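[1] I would like to see how this sequence folds:
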Amino acid sequence: MLWKLQEGFFLEISCKKVINLEQLTGNRKLLRHTIRRNSWKQRVFSMAIYILLSRLTPEGRKTVKERPGRIKEVDKELEDIGVRVIEQYATLGRYDFVNIVEAPDNETIGKVSVDLCSRGTVELVTLPAVSVESLVESLNRTRAEKMSPTPSGEDKDV
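    Here you go, the predicted model:
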């Protein structure tokens, strides 16, 4: 099943990979099947944002010192699982890295956490994140629902 992400990009749910529209139109048989199957409906798939706070173990620090490129190799492994690294920062203090990632669901990010931590080179704290705009919109919507009168004309209990 394909989900439209943005103009020209689709997410194939069966294997959770992003397909460029040019790749899709290059295979006319697949395109016809997809169009027929989805009846031209456009479904928007929204990826969740997560913050990964990473602390290297002694073994992880040794690996990064000997092979700094390993950091980018892990990013590629995440993409293969279905997680996109949006931003990545090396930090001083309690955590060595702060990563902002996009994942389709909690199960996928849970798989990433277990996979990375089981290697013994990193410890993670994973935080789901919501944009401030989404939070404000949600709070305003909840407030409006509480303030609107009930159909019988009586006030709702707050």
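
[2] Quick check: which ranges of this protein have low pLDDT?
    By pLDDT under 70, the low-scoring segments of the chain are 1-46, 150-158.

[3] Convert the lengthiest helix in it to PDB, retaining C-alpha atoms only.
    Counting by DSSP state H, the longest helix found in the chain is helix 132-147. Below are the C-alpha coordinates for helix 132-147, written out as PDB (Å, rounded to 0.1, in the frame of the first residue of the first chain):
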ATOM      1  CA  VAL A 132       4.800  23.600  19.900                       C
ATOM      2  CA  GLU A 133       2.400  24.600  17.100                       C
ATOM      3  CA  SER A 134       0.600  21.200  17.400                       C
ATOM      4  CA  LEU A 135       0.500  21.500  21.200                       C
ATOM      5  CA  VAL A 136      -1.000  25.000  21.100                       C
ATOM      6  CA  GLU A 137      -3.500  23.900  18.500                       C
ATOM      7  CA  SER A 138      -4.500  20.800  20.600                       C
ATOM      8  CA  LEU A 139      -4.800  23.000  23.800                       C
ATOM      9  CA  ASN A 140      -7.000  25.500  21.900                       C
ATOM     10  CA  ARG A 141      -9.200  22.800  20.500                       C
ATOM     11  CA  THR A 142      -9.700  21.200  24.000                       C
ATOM     12  CA  ARG A 143     -10.400  24.600  25.500                       C
ATOM     13  CA  ALA A 144     -13.000  25.400  22.800                       C
ATOM     14  CA  GLU A 145     -14.700  22.000  23.300                       C
ATOM     15  CA  LYS A 146     -15.000  22.600  27.100                       C
ATOM     16  CA  MET A 147     -16.400  26.100  26.600                       C
END
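
[4] Which elements pack onto that helix?
    With contacts taken as 3 or more C-beta pairs under 8 Å, 6 or more residues apart in numbering; DSSP states H and E, helix 132-147 sits against no other helix or strand. C-beta here means a position set from N, CA and C on the backbone, and glycine is covered the same way.

[5] For it, buried residues please.
    Residues of helix 132-147 classed as buried by neighbour count (16 or more other C-beta atoms under 10 Å): none.

[6] oh, and call the first residue 311 from now on, that's how I've got it
    Noted, 311 is the first residue going forward, which turns the last one into helix 442-457.

[7] number of nearby residues for E433?
    Neighbours of E433 under the rule other C-beta atoms under 10 Å: 16.

[8] got it, and L434?
    L434 has 18 neighbours, counted by other C-beta under 10 Å.
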